[in-house]
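Chemist: Sequence below, structure please.
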Amino acid sequence: MTEPQRQTDAPEFLALRAEHGVVIRPTRHQDGNEDAMIVAYAPVDSTGLGMVSQISARALFSSLITTSRVVLLLIPALLLVGLALLRWQLRPMVRRLHDSQQRVRIGLDYSGMGMAIFGRDGRIQEANGALVDMLGFPEEELRRLPSVLSLLHPEDLEQATWSVADVFTDLSGAYCAQRRYRCKSGDYVWVRLHVAPIHDEGGVIVTAIVFVQDVSELLAKADTLRRDHAFLQAVLNNMTDGVVACDEQGRIRYQNNLLIDSKRDGAIRPMDVDEWERDHILLDANRRPVPMAERPLSRAFHGEIVTGAEFLVHSATGELRQLQISSYPLHDAQQSFLGAVSMSRDLTEIRSAHAHAQWLAYHDPLTELPNRNKLLEHAEHAMVRARRNRKEMALFFLEINRFKAINDTLGHTVGDQVLVQVAARLRSSLRGAETLGHVGDDEFAVVSESMPDVPAITERAEQLLHALKAPLLLGTQEIHVSASMGIVRYPADGDDVSALFSRADIAMHEAKKKGYGQWALYKQGSYARQRQMFEMEGALRRALDATEFVPYYQPKVDVATGRIVGAEALLRWKHPEQGLVAPAEFIPILEDTGLIVAVGTWVLNTVCAQQTHWQSDGISIVPVAVNCAVAQVQNDRFVGVVQDAIDTHALDPGMLELEITESVLMHEPERVAALIAQLRARGVTTAIDDFGTGYSSLAYLKHLPVTALKIDRAFIKDLPQDTDDLAIVKAVLLLARELGLRVVAEGVETAEQLELLRSHGCDAYQGYFYGRPVPADEFAALLRQQAV
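Modeler: Numbers count the residues shown, from 1 in each chain. Sure thing, here's the model as predicted:
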């Protein structure tokens with residue numbers, strides 16, 4: 001029910017109050033239908049009157065409703081006409097839009113660029129063929145993925161800096177990254193992603209698009225390129241040469257570590273060729289800076305080739321280094337200029353080593369004295385000066401006595417110290433025009449350029465030898481050394497420097513024969529004898545190889561019975577041209593050269609083999625004596641060599657006797673006594689040969705396990721006339737009898753001598769009275785004859 005209107009609110013009153021407006025009043029018609037009255041009111045200007053007008057709403061809108069019905073009937077038709085007209089107008093635009101979309105899609109597909117459109121939920125709404133081909137997923141499967149992010153590798157998903165929500169809230173804007181996408185096969189490919197939102201005309205983000213580019217091959221190529229570059233850089237960095245290169249603009253593009261490390265700041269700075277050259281100052285041989293235009297890299301940059309140029313440069317530590325630099329301009333296949341490269345090689349150590357090697361070639365590193373080659377060269381120059389000035393000069397050649405014994409007993413370290421101190425002693429005694437050299441292991445030589453005569457030379461020799469008289473002090477140990485000296489004069493003893501050195505060596509050996517600490521001047525004829533000995537040595541070596549040596553056997557005869565009780569094997573040399581050579585001519589050479597050891601071993605084996613052969617032929621053999629030289633006895637394997645000969649030929653040790661001279665015995669008496677004892681224990685007997693000619697102590701004789709003494713022929717040959725010889729023979733026989741030793745007399749040539757020996761109790765003898773030494777077959781015949 002409508003609330004009654006107050007009278008003061010009626011339109012009439014409002015109009016009278018100069019107000020205007022429109023009100024709607026509800027009403028009901030007589031037919032019972034509700035209606036509304038539309039009442040308008042307003043004042044009439046300034047008259048103080050008001051005007052009110054009303055009309056029924058039904059009456060007001062009845063014509064409008066009629067008209068609306070007509071219009072509503074026309075709207076569908078108008079819409080159809082409008083749509084047709086709009087379609088006709090939009091057809092070219094739609095066609096152009098479709099063509100554009102097709103071109104974009106085809107372009108993306110053919111470029112391999114994948115594309116996908118996704119919505120706010122992250123699900124892919126559309127994907128192009130390139131993406132399908134790239135990943136192997138059909139488009140339907142891509143659409144079924146929970147999110148476009150589902151394709152990311154798990155590790156990449158964790159590192160992702162954007163989300164779907166960020167794209168649609170416009171927080172991230174466009175996004176670009178390199179990630180791994182999963183393929184249908186389960187493999188992953190590296191892709192480059194470009195994500196961007198899509199806005200409508202109102203600026204609202206409606207969808208987003210992601211462009212996907214497969215960069216696996218690009219990355220593989222980039223990795224290959226990186227590895228190739230790293231490989232090349234590693235190769236260059238490990239080169240022993242410094243390398244620097246510039247491009248065609250003159251910019252330094254590369255330096256390897258060798259050059260980088262040589263810089264004081266240790267870093268690569270952008271610079272051009274001129275700046276690089278200023279930063280690396282080169283010096284010439286006179287240590288003056290090389291002008292810029294003459295520096296290798298600058299020259300190569302201007303088209304010049306530089307090879308093997310040598311310069312000096314200061315290193316980062318200030319050390320002066322010597323470099324060899326080569327520089328080349330660089331061109332491509334079309335000969336277009338690319339730049340220049342410079343390579344520097346540090347020759348400092350090489351040149352230092354070369355200089356040291358040259359020094360070593362002419363000096364002894366131990367004593368730092370000139371070596372033989374250098375002293376020969378110096379002597380050549382000295383001879384030229386002496387010849388030009390008509391002066392005489394001398395060469396003093398010294399050898400330290402018993403130096404091998406020092407090395408063997410005290411060690412090579414002590415031996416080296418001895419050489420150093422001897423060199424110092426001799427150096428300190430030099431005079432102005434003299435040069436000292438270390439020309440051999442234990443040999444020194446002094447070239448003296450001004451020696452007027454022999455007295456001056458001999459006086460100088462005494463002075464040099466005197467320099468070694470005082471003992472050498474090695475730590476707390478004193479060592480006494482001496483030297484033997486040979487002296488030659490120029491031009492008296494020759495005008496060839498090599499010949500002078502050889503003759504000085506010959507003279508030195510002559511001095512040795514006088515005893516230690518002596519000197520000797522070279523004598524004419526010594527060289528010829530030395531040469532003959534050298535040739536003889538070669539012939540003896542060939543004789544050993546060719547089995548030209550042969551043992552002869554001289555019987556040892558029992559004085560009482562006249563029977564053969566033994567023999568001495570005496571070496572003979574059957575020279576192919578000279579026939580039998582006397583032992584006195586070659587035995588000393590065998591001893592001097594050391595060949596006596598090899599020849600002595602051969603004799604031992606030959607005698608043992610011959611004994612065994614005779615025995616197998618049914619001959620009743622007798623002990624055979626073999627002479628042993630000093631070098632054989634000094635050999636550490638001496639006892640073993642004897643035992644090997646016996647064992648090899650299965651000989652009874654009692655059938656072998658060794659003869660050792662007194663000189664051998666006295667060389668190292670205790671050691672020799674021990675060797676004789678070892679041999680005696682093995683069944684081999686030993687006799688002292690040439691007894692009475694040496695200076696052995698009788699005190700040693702009583703302790704030696706020898707079985708016999710041999711009286712030298714020097715005491716027999718003048719018997720019985722020489723009473724002194726007779727006294728010596730009688731004394732030896734008496735001594736041997738007291739010591740229980742057998743005595744064999746050598747060189748018995750007469751019956752009278754034999755009778756004298758028998759009367760004084762001599763056991764056996766050998767000599768021409770019974771017979772000369774004979775070959776093996778003749779001695780075998782003597783044994784057979786005796787057995788009959």
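
Chemist: For the rest of this, base every contact and every neighbour count on C-alpha atoms.
Modeler: Noted.

Chemist: Okay, strands next: where are they in the stretch 651-788 of the chain?
Modeler: Using DSSP state E, counting those that start in this stretch, the strands of the stretch 651-788 of the chain run over 656-661, 685-691, 708-711, 742-746, 764-766.

Chemist: cool, and the stretch 301-450 of the chain?
Modeler: 306-314, 320-331, 337-346, 393-400, 434-438, 443-448.

Chemist: Please work out which of these is packed deepest.
Modeler: Highest mean neighbour count among these (mean count of other Cα atoms under 10 Å): strand 393-400, with a mean of 26.

Chemist: Describe which strands that one pairs with in its sheet and in which direction.
Modeler: Using DSSP bridges, strand 393-400 pairs in its sheet with strand 443-448 (antiparallel), strand 483-490 (antiparallel).

Chemist: how distant is it from the center of its chain?
Modeler: Computed by Cα atoms, centre = their mean, to the nearest Å, the chain-centroid distance of strand 393-400 equals 42 Å.

Chemist: Next, the angle strand 434-438 makes with it.
Modeler: Per axes from the mean of the first three to the mean of the last three Cα atoms, to 10 degrees, the angle that strand 393-400 makes with strand 434-438 is 30 degrees.

Chemist: Using PDB, list the CA coordinates for strand 393-400.
Modeler: C-alpha atoms of strand 393-400 as PDB (Å, rounded to 0.1, in the frame of the first residue of the first chain):
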ATOM      1  CA  MET A 393     161.600 -24.500 -25.000                       C
ATOM      2  CA  ALA A 394     161.100 -27.600 -22.900                       C
ATOM      3  CA  LEU A 395     158.200 -29.900 -22.100                       C
ATOM      4  CA  PHE A 396     158.100 -31.500 -18.600                       C
ATOM      5  CA  PHE A 397     155.900 -34.600 -18.500                       C
ATOM      6  CA  LEU A 398     155.000 -35.900 -15.000                       C
ATOM      7  CA  GLU A 399     153.200 -39.000 -13.800                       C
ATOM      8  CA  ILE A 400     152.200 -39.500 -10.200                       C
END
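
Chemist: what's the burial count for Leu665?
Modeler: 22 (other Cα atoms under 10 Å).

Chemist: How is the chain divided into domains?
Modeler: 1-101, 112-214, 225-352, 393-524, 535-787 (automatic domain parsing).

Chemist: right, and those domains - which one's nearest His378?
Modeler: Nearest of the domains of the chain to His378, taken as Cα to Cα: domain 393-524 at 8.1 Å.

Chemist: can you map out the strands along the stretch 151-300 of the chain?
Modeler: Using DSSP E, counting those that start in this stretch, strands in the stretch 151-300 of the chain cover 175-182, 188-199, 205-214, 241-247, 252-255.

Chemist: neighbouring strands for the longest one, and are they parallel or not?
Modeler: When you say that, I think you mean strand 188-199. strand 175-182 (antiparallel), strand 205-214 (antiparallel).

Chemist: export stretch 668-675 as CSV, just CAs?
Modeler: In CSV, the C-alpha atoms belonging to stretch 668-675 read as follows (Å, rounded to 0.1, in the frame of the first residue of the first chain):
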residue,chain,number,x,y,z
GLU,A,668,152.6,-58.1,-1.1
PRO,A,669,154.1,-60.8,1.2
GLU,A,670,151.1,-61.4,3.5
ARG,A,671,148.7,-61.6,0.6
VAL,A,672,151.0,-63.9,-1.4
ALA,A,673,151.4,-66.1,1.7
ALA,A,674,147.7,-66.5,2.0
LEU,A,675,147.4,-67.4,-1.7
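
Chemist: wait, isn't Ala645 in contact with Trp602?
Modeler: No - applying Cα atoms under 8 Å, one finds Ala645 not in contact with Trp602, separated by 9.2 Å.

Chemist: quick one: Asp647 and Arg351, what's the gap?
Modeler: 61 Å (Cα to Cα, to the nearest Å).

Chemist: still on that earlier bit, Tyr552 is nearest to which of the strands paired with strand 188-199?
Modeler: strand 175-182 (102.6 Å).

Chemist: Wait, Glu746 touches Ile711, no?
Modeler: Yes - here Glu746 reaches Ile711: they are 6.0 Å apart, a contact under Cα under 8 Å.

Chemist: Which one's more surrounded, these two?
Modeler: The neighbour comparison of Glu746 against Ile711 (other Cα under 10 Å) goes to Ile711, with 25 against 22.

Chemist: Can you name the residues in contact with stretch 582-590?
Modeler: The contact list for stretch 582-590 (Cα atoms under 8 Å, 6 or more residues apart in numbering) reads Met533, Met536, Glu537, Leu540, Leu571, Arg572, Trp573, Ile596.

Chemist: Now restrict those to buried residues only.
Modeler: Met533, Met536, Glu537, Leu540, Leu571, Arg572, Trp573, Ile596 (16 or more other Cα atoms under 10 Å).

Chemist: Contacts made by the host helix or strand of the second one with the rest, please.
Modeler: Meaning Met536. Per DSSP states H and E, Met536 falls inside helix 526-545. For helix 526-545, the surrounding residues in contact (Cα under 8 Å, 6+ apart) are Arg503, Ile506, Ala507, Phe549, Trp573, His575, Phe586, Ile589, Leu590, Thr593, Leu595, Val599.

Chemist: related to what we said a few turns ago, output the domains of the chain as TSV; include the columns mean pLDDT.
Modeler: Formatted as TSV, the domains of the chain follow (pLDDT from 0 to 100):
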stretch	mean pLDDT
domain 1-101	62
domain 112-214	86
domain 225-352	84
domain 393-524	91
domain 535-787	90
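
Chemist: quick one: which of the ones you listed is nearest Leu366?
Modeler: So among these, domain 393-524 is nearest, using Cα to Cα, at 6.9 Å.

Chemist: Now the terminal residues of that closest one, how far apart.
Modeler: End-to-end for domain 393-524, by Cα to Cα: 18 Å.

Chemist: Over to stretch 256-270?
Modeler: The first-to-last residue distance of stretch 256-270 comes to 14 Å (Cα to Cα).

Chemist: Just the CA coordinates for stretch 505-521, please, in PDB.
Modeler: Output of stretch 505-521 as PDB, limited to C-alpha atoms (Å, rounded to 0.1, in the frame of the first residue of the first chain):
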ATOM      1  CA  ASP A 505     156.200 -40.000 -22.100                       C
ATOM      2  CA  ILE A 506     159.100 -42.400 -23.200                       C
ATOM      3  CA  ALA A 507     161.600 -40.400 -21.100                       C
ATOM      4  CA  MET A 508     159.200 -40.500 -18.100                       C
ATOM      5  CA  HIS A 509     159.200 -44.300 -18.200                       C
ATOM      6  CA  GLU A 510     163.000 -44.200 -18.400                       C
ATOM      7  CA  ALA A 511     162.900 -42.000 -15.200                       C
ATOM      8  CA  LYS A 512     160.700 -44.600 -13.500                       C
ATOM      9  CA  LYS A 513     163.300 -47.200 -14.000                       C
ATOM     10  CA  LYS A 514     165.600 -45.100 -11.900                       C
ATOM     11  CA  GLY A 515     163.100 -45.100  -9.000                       C
ATOM     12  CA  TYR A 516     160.400 -42.800  -7.800                       C
ATOM     13  CA  GLY A 517     160.800 -39.000  -7.800                       C
ATOM     14  CA  GLN A 518     163.400 -39.000 -10.700                       C
ATOM     15  CA  TRP A 519     163.600 -37.200 -14.000                       C
ATOM     16  CA  ALA A 520     165.100 -38.300 -17.300                       C
ATOM     17  CA  LEU A 521     165.900 -36.400 -20.500                       C
END
